[in-house]
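Trainee: okay, sequence plus prediction incoming.
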Amino acid sequence: MALAMDPERRRMLMAVDKAQREWEERYGIDDADWVAGGKTGPDRVSPTPEQAEELHRALNRITHWDPETGRYGA
């Protein structure tokens, strides 16, 4: 028996996944530290600090992360 997922949580997780994939494609990131199934060798493409910050800002916006409390949600 599968557990039902809250529709809002499902929407948020889908939005997070989409934002991550678009970011990976936009910058060609393929580093295993950032991408599931990514590369680990010296030829991998890692994000710059600015690119990483861009992703974090986007994901925080989607998840409604509150930096004062450290909590997620609206």
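Mentor: Now that the structure is in, tell me what you want to look at.
Trainee: how about the most centrally placed residue in the chain, what does it touch?
Mentor: With distances taken as Cα atoms, centre = their mean, the residue of the chain nearest its centroid is Q20 (4.2 Å). Counting by Cβ atoms under 8 Å, 6 or more residues apart in numbering, Q20 touches L55, L59. The C-beta positions use only the backbone N, C-alpha and C, and glycine is treated the same way.
Trainee: hey, C-alpha coordinates of the helix or strand containing it in PDB?
Mentor: Using DSSP states H and E, Q20 maps to helix 7-27. Only the C-alpha atoms of helix 7-27 are listed here, as PDB (Å, rounded to 0.1, in the frame of the first residue of the first chain):
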ATOM      1  CA  PRO A   7      -0.400  17.600  -3.300                       C
ATOM      2  CA  GLU A   8       1.500  20.700  -2.300                       C
ATOM      3  CA  ARG A   9       4.600  18.700  -1.300                       C
ATOM      4  CA  ARG A  10       4.400  16.900  -4.600                       C
ATOM      5  CA  ARG A  11       4.200  20.200  -6.500                       C
ATOM      6  CA  MET A  12       7.200  21.600  -4.600                       C
ATOM      7  CA  LEU A  13       9.300  18.500  -5.200                       C
ATOM      8  CA  MET A  14       8.500  18.500  -8.900                       C
ATOM      9  CA  ALA A  15       9.400  22.200  -9.100                       C
ATOM     10  CA  VAL A  16      12.700  21.600  -7.300                       C
ATOM     11  CA  ASP A  17      13.500  18.700  -9.700                       C
ATOM     12  CA  LYS A  18      12.700  20.900 -12.700                       C
ATOM     13  CA  ALA A  19      14.800  23.800 -11.400                       C
ATOM     14  CA  GLN A  20      17.800  21.600 -10.700                       C
ATOM     15  CA  ARG A  21      17.600  19.900 -14.200                       C
ATOM     16  CA  GLU A  22      17.300  23.300 -16.000                       C
ATOM     17  CA  TRP A  23      20.300  24.700 -14.000                       C
ATOM     18  CA  GLU A  24      22.400  21.600 -14.900                       C
ATOM     19  CA  GLU A  25      21.500  21.900 -18.600                       C
ATOM     20  CA  ARG A  26      22.100  25.700 -18.600                       C
ATOM     21  CA  TYR A  27      25.600  25.400 -17.300                       C
END
